[in-house]
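Enquirer: Please work out how this folds:
(2 chains)
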Amino acid sequence: KQEVTQIPAALSVPEGENLVLNCSFTDSAIYNLQWFRQDPGKGLTSLLLIQSSQREQTSGRLNASLDKSSGRSTLYIAASQPGDSATYLCAVAASGYSTLTFGKGTMLLVSP
Amino acid sequence: EPEVTQTPSHQVTQMGQEVILRCVPISNHLYFYWYRQILGQKVEFLVSFYNNEISEKSEIFDDQFSVERPDGSNFTLKIRSTKLEDSAMYFCAIRGQGGGEQYFGPGTRLTVT
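Expert: Numbering: from 1, shown residues only, chains lettered A, B, ... in the order given. I've put the predicted structure just below:
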């Protein structure tokens, strides 16, 4: 059974710092990996999707990497801003149509 | 990004009552998913629905739950007899075109008292 773990559980940084969020998964036979952002009491916003054949994806200040063989992904946030404060979730899919298995998330607080 | 709406945003119900949660994708999609998130816990998969049939379901999705697409657009999740432990955020998701990216609705907060 696939298990997804995210470290750290919470992170507090001052504005402007670059930071890295970590995600690991136990079964490397994934189809893709998706990073989401969740604001308190709200839905999930898709940030980045990495296919299993890719090593990284970039969107603005966000860069996600994938090392499928070691079962790891990182989300790099450059020049963090208070508006980045949210919970970041990592999820993996076993196939293009299958369900997502989620980690518990990293709660990020960026202070001005 | 495909847009998904969910109604109601918040539902309060008494234990034992039936609830119906609705999901409305803005454009036509074939693949739907329901997930839930109990406060402070992981997002968990409930059921996936393709071409008007259940394609996969989790252990959570027992006989108390059902899904249907009654009019070809709305996608509903019904809980027949709610329990206290059904209190959670329920999210509908759709599969986008191409690489399998999933897009989530804003969720329905279900509170069972």
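Enquirer: B:His29 sits in which helix or strand?
Expert: Under DSSP states H and E, no helix or strand contains B:His29.
Enquirer: For the closest residue to it other than its chain neighbours, give the beta-bridge partners.
Expert: Using C-beta to C-beta, 6 or more residues apart in numbering or on different chains and skipping residues adjacent in sequence, the residue nearest B:His29 is B:Ile94, 4.4 Å away. Every C-beta, even on glycine, is put in place using the N, C-alpha and C of the backbone. Counting by DSSP bridges, B:Ile94 forms beta bridges with B:Phe32, B:Tyr103.
Enquirer: Can you tell me which residues in chain B are near chain A?
Expert: By the rule C-beta under 8 Å from any C-beta of the partner chain, the part of chain B lying against chain A is B:1, B:31, B:33, B:35, B:41-45, B:48, B:50, B:55-56, B:58, B:89, B:91, B:93, B:95, B:99-107, B:109.
Enquirer: Now the buried members of those.
Expert: Neighbour counting by 16 or more other C-beta atoms under 10 Å in any protein chain shown classes B:31, B:33, B:35, B:42-45, B:48, B:58, B:89, B:91, B:93, B:95, B:100-107, B:109 among the residues of chain B next to chain A as buried.
Enquirer: low-confidence ranges in chain B?
Expert: B:1-2, B:26-28, B:98-99 (pLDDT under 70).
Enquirer: centroid residue for it?
Expert: B:Trp34 (3.5 Å; C-alpha atoms, centre = their mean).
Enquirer: outside of the helix or strand harbouring it, which residues touch it?
Expert: Secondary structure from DSSP H and E places B:Trp34 in strand B:31-37. With C-beta atoms under 8 Å, 6 or more residues apart in numbering or on different chains as the test, strand B:31-37 has contacts from A:97, A:99-100, B:23, B:25, B:43-50, B:60, B:67, B:69, B:75, B:77, B:88-95, B:102, B:104, B:107.
Enquirer: what residues are up against residue 56?
Expert: This is for chain A. Counting by C-beta under 8 Å, 6+ apart, A:Glu56 touches A:50, A:63-66.
Enquirer: ah, no, chain B please
Expert: Here B:Glu56 is in contact with A:98-99, B:47-48 (C-beta under 8 Å, 6+ apart).
Enquirer: Of those residues, which is the most crowded?
Expert: Highest neighbour count within those: A:Thr99, with 25 neighbours (other C-beta atoms under 10 Å in any protein chain shown).
Enquirer: surely that one meets A:Ala93?
Expert: Yes. In this structure, A:Thr99 is within contact of A:Ala93 by C-beta atoms under 8 Å, at 7.1 Å.
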